[in-house]
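**Q** Whatever this is, show me its structure:
(chains A and B)
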Amino acid sequence: MPRLPAPSLYLLFAGIAIATVPHLPRLPAWISALAVGLLAWRAWVVRRRIALPRKWLVIGLAATSLVMVYLHYKTLFGRDAGVALLVVFLALKLLEMKSLRDVTVVVLLAYFLALTNFFYSQTILVAAVMTGALVVLTAALVGCNAPRRALGANVRTAAALLAQGLPVMLVLFLLFPRVQGPLWGMPQDAFAGMTGLSDSMTPGNISLLSQSDAIAFRAKFEGDPPPRGALYWRGPVFWEFDGRTWRGGRGPSSQFYRFEPEGSPVKYEVTVEPHNRQWLFALDLAGQVPPNAFGTADYQLISRAPVRHRIRYPMHSFLQYRAIAAAMPAELDYARELPAGANPRTRELARRWRVESGGDGEAIVARAIDHFRNAGLRYTIAPPLLGENPVDEVLFVTKQGFCEHFSSAFAFLMRAAGVPARIVTGYQGGELNPVDQFLVVRQSDAHAWVEVWLPARGWVRVDPTAVVVPLRVESGLAAAVPETGALPLLVRVDVPWLRELRFGWEALANRWNQWVLGYNPERQREFLTRLGMPSADWHELATTLFWAVGGLVLLIALFVLRRRLARDPVQRVWLAFCAKLARAGTERRPSEGPAAFAERAAREHPEQAGTVAAIARLYADLRYGPSPAPEGVGELARRVREFRP
Amino acid sequence: MFAKLLARSDFFALVFGLRGPETGPIRLTQRRVYVLPTGYGLTFAGALALMLVGSINYSLGLGYVLTFALAGMGLVSMLHTYRNLAHLTVRAGRADPVFAGDDAVFELLLDNPGGFDRHTVIARCGESAVDVDIPAGRSEVAKLPVPAPRRGRLPLGRVTLETRFPVGLFRCWSYVRPEMEAIVWPRPDGAPLPLAKIRPDAGEAVNAGGGVDDFAGLRPYHAGDSPRHIAWKAAEREGLLLTKLFSGRGAAELWLDWDDLPSALDWEARLSRLAGWVLAAEAAGLAYGLRIPGAEIEPALGSAHRDACLTRLALFDAAPARP
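**A** Numbering: from 1, shown residues only, chains lettered A, B, ... in the order given. All right, here's what the predicted structure looks like:
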């Protein structure tokens, strides 16, 4: 078996490393260490040309890892355990990689591993990194298929292959019939709350939900919809906090749905997509209760049966109101409860504020808002995982969070300072479809905010996320999350050109979200309409796709297989010379070398004997001579041009 | 007729347009170049299908992008694989004689007329395979070792030229059958020279080099050799005494004769014995002649003579009546 070329193997290891690195922080430390260690070991094997480890060792390691992964995740299936297994087994497979066949399997697994990164993040940055991995892995594959070739040439070939495949990719991406996932029951870990809001709020579940572009409900307004910033669609309300998760708890003690409306109501109709829960959604605060539903004292609208079919109800809401209902002391005490211990720094901050403001709720809220505005908090869809003191970490250490982190931290701060507070989840914003004037609210609009009790004003909404990143409320999530999350400087600094840059970047990120990540069945239909195929069904699409790809491959074939003859000018001139002689009746026989042919040609064309001999000599010198003079090519070309047999 | 079509060889001949041996350069035109996915290619397609299902299930926009990018790459790689083989020209090169039991090495000259390099083009014949890279506009020699178990003529069978470059998803191949053959000499056995058979009228036969007409070679000096025949210049160079050998009338004449062999030996064994004697005589520097049924080669020395004798033995065919 031929030895696999070392440079290509290093390239392969590099490609695997690129695909693995983004996973490392998400994996248990021992898996990260094992994967890195195995990769290094394998590279060492190549470097020192030592033997691969014995089979039983690899099998033993595989079995052990399998058990350890099971113990860690309590399952072998699902997204996280699957990725962990893929990382470990890919690294182990390297240890028994001997032949080209093994390499191909490893490269295939590595492509898979690259794909799994998108489960966690689909930012432009991750896409760029994985593109790099793709090129490097493909180059390694090319290198192992052409063991004597230089590394650079392999990378060029790989890049050319991928580049020439791009048109096919584009056509497939746009025209492949899209269906809305999921295709089967969703693994628990991958789809936490993805179908809708959940009955609890843990850091991470709303940011996960917000990655789904599934539609939650639609609303059609009478007249123009209110400004985006006023579109707070109320969902489940949470009272009880265990240090990490917010839950409904036992709820308010009273049972009356009561508030004082101010101004005139907004009238609209809501169509809720099935979500298998009982919440119905309306703008804060609903002025009526839908049929077969009831209102609670914390202003939730609850359907009497889980929503399992699309339902529609008329609604009117008062955007201005005084929510003074149910201000029972027991309820307010309940809205101040906190689990003991944890988050000492936040508690200390809250205590100071309470002392300094003499217990005035309004002043404390104002200080908290100021704090959120100036603390340099960063809004990101993928904040780091939190440890023992989650609120402290969000406010003082990592300073990153999504709406659930900020609202949880704010509510904690309020309760710690003695101000009653509760969490409201729901949706914020929505997208007006200019064609049918429906406001579409998607799971990605899922949001969480806080309500605090101020004796003079009742329950008052505070949206800490809006304080940190006003764009979220004004323009929606896509505009508010700088997709790489790596540009805090650009986000904060108020320099005109930097801001321009930031707007440009955000627009790019938005387009990325809309067209790459959010290219779903509906968007495809939109695109097809623009293409002049408004009612293309599955069948028609498949046919179009077939012909489009076929035609494209044909075009690429014309490009790839265009006749590229040897560009050796000496040879070209010589062939022209032979062609001239052939027309004159002296055809070169396959067996004849230049000298023999020239001799015969000279015999058959005695009047040109001198020229023929000179041309043959010049040709032989240029082609076979030890150091042909470069100007000889021109001389040969001139003589052949002037040659008239 | 249908049954005939289905007969494997005919069927193959029909589908792949097989002919007998072809003389002259063979250009791998597109009519005789075939492309099909490899097993790995099918696995790759299966993996892409899995990735696609995953992307649909998890609504991964970038998952679609990656899957389709790999699909595009795979399709394009088919064109590159085809390009890597198509329009290559195959010419028959040398095929030196070998002894039975060794490998005959057939040299195929592969000309790349294209303006791009070709990589890992594999020439395969039976069990043996060899791969070559052919730079743009150049020729490369593929030396294909083919086992030569029996003496005689060994024609080169059907050669498969194939490539999987660049990524191994597709295999592109073509069948060629250049008109080539190698002469396979009988395998020499190790028997010593039959000293008894040196002709009695050979004069100074035993002390060798007795001939005076044509210089035929050198051999170490034996006691009794004429001092006139000592190669003094060569001796100075080599550091030992060498005796010049001359062939011609009056020189030692060693006849390697079929009829002198024990009748217990069968044909092939006799040919092997004779081949062994040829080598031994050549090594000893004794002029030797060969006499087999239907052929006789006058005594001489030298590699050309040796090859002629061995070839005659290799092609021995006229079946004499066996005792």
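**Q** Okay, buried residues for the helix or strand containing residue B:309 please.
**A** Assigned by DSSP states H and E, residue B:309 belongs to helix B:303-314. Buried residues in helix B:303-314, counted by 16 or more other C-beta atoms under 10 Å in any protein chain shown: B:305-307, B:309-310, B:312-314. Bear in mind the C-beta positions are built from the backbone N, C-alpha and C, glycine included.
**Q** and if you look at stretch A:235-247?
**A** Judged by neighbour count (16+ other C-beta under 10 Å), stretch A:235-247 contains these buried residues: A:235-241, A:244, A:246-247.
**Q** which residues does residue B:81 contact?
**A** Going by C-beta atoms under 8 Å, 6 or more residues apart in numbering or on different chains, residue B:81 touches B:35, B:163-166, B:169-172.
**Q** next one: residue B:36
**A** With the criterion set at C-beta under 8 Å, 6+ apart, residue B:36 makes contact with B:170-171.
**Q** That one - that's part of a strand, no?
**A** Yes: applying DSSP: H, G, I helix; E, B strand; the rest coil, one finds residue B:36 inside a strand.
**Q** Can you tell me how far it is from chain A?
**A** 16 Å (C-beta to the nearest C-beta, to the nearest Å).
**Q** Which members of the buried residues of stretch A:235-247 are the farthest-apart pair?
**A** Based on C-beta to C-beta, the longest span within the buried residues of stretch A:235-247 runs between A:235 and A:244 and measures 20.2 Å.
**Q** rewinding a little: in JSON lines, list the buried residues of helix B:303-314 along with pLDDT.
**A** Shown next, in JSON lines, are the buried residues of helix B:303-314 (pLDDT from 0 to 100):
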{"residue": "B:305", "pLDDT": "91"}
{"residue": "B:306", "pLDDT": "91"}
{"residue": "B:307", "pLDDT": "92"}
{"residue": "B:309", "pLDDT": "91"}
{"residue": "B:310", "pLDDT": "91"}
{"residue": "B:312", "pLDDT": "89"}
{"residue": "B:313", "pLDDT": "90"}
{"residue": "B:314", "pLDDT": "90"}
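**Q** What sits closest to the residue nearest the centre of chain A if chain neighbours are left out?
**A** Residue closest to the mean C-alpha point of chain A, counted by C-alpha atoms, centre = their mean, is residue A:122 at 0.7 Å. In space, and not counting its chain neighbours, residue A:122 is closest to residue B:62: 4.6 Å by C-beta to C-beta, 6 or more residues apart in numbering or on different chains.
**Q** packing partners for the helix or strand hosting residue A:103?
**A** Using DSSP H and E, residue A:103 sits in helix A:100-116. Judged by 3 or more C-beta pairs under 8 Å, 6 or more residues apart in numbering or on different chains; DSSP states H and E, helix A:100-116 is in contact with helix A:6-20, helix A:79-95, helix A:124-145, helix B:39-57, helix B:61-85.
**Q** Compute the mean per-residue pLDDT across the fourth one, please.
**A** It refers to helix B:39-57. When pLDDT is averaged over helix B:39-57, the result is 92.
**Q** Tell me which residues of it come out buried.
**A** Buried-residue list, helix B:39-57, by 16+ other C-beta under 10 Å: B:40-41, B:44, B:47-48, B:51-52, B:54-57.
**Q** Distance to chain A for these - can I get that in CSV?
**A** Converted to CSV, the buried residues of helix B:39-57 look like this (distance: C-beta to the nearest C-beta, whole Å):
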residue, distance to chain A
B:40, 5
B:41, 10
B:44, 6
B:47, 5
B:48, 9
B:51, 6
B:52, 8
B:54, 7
B:55, 8
B:56, 5
B:57, 5
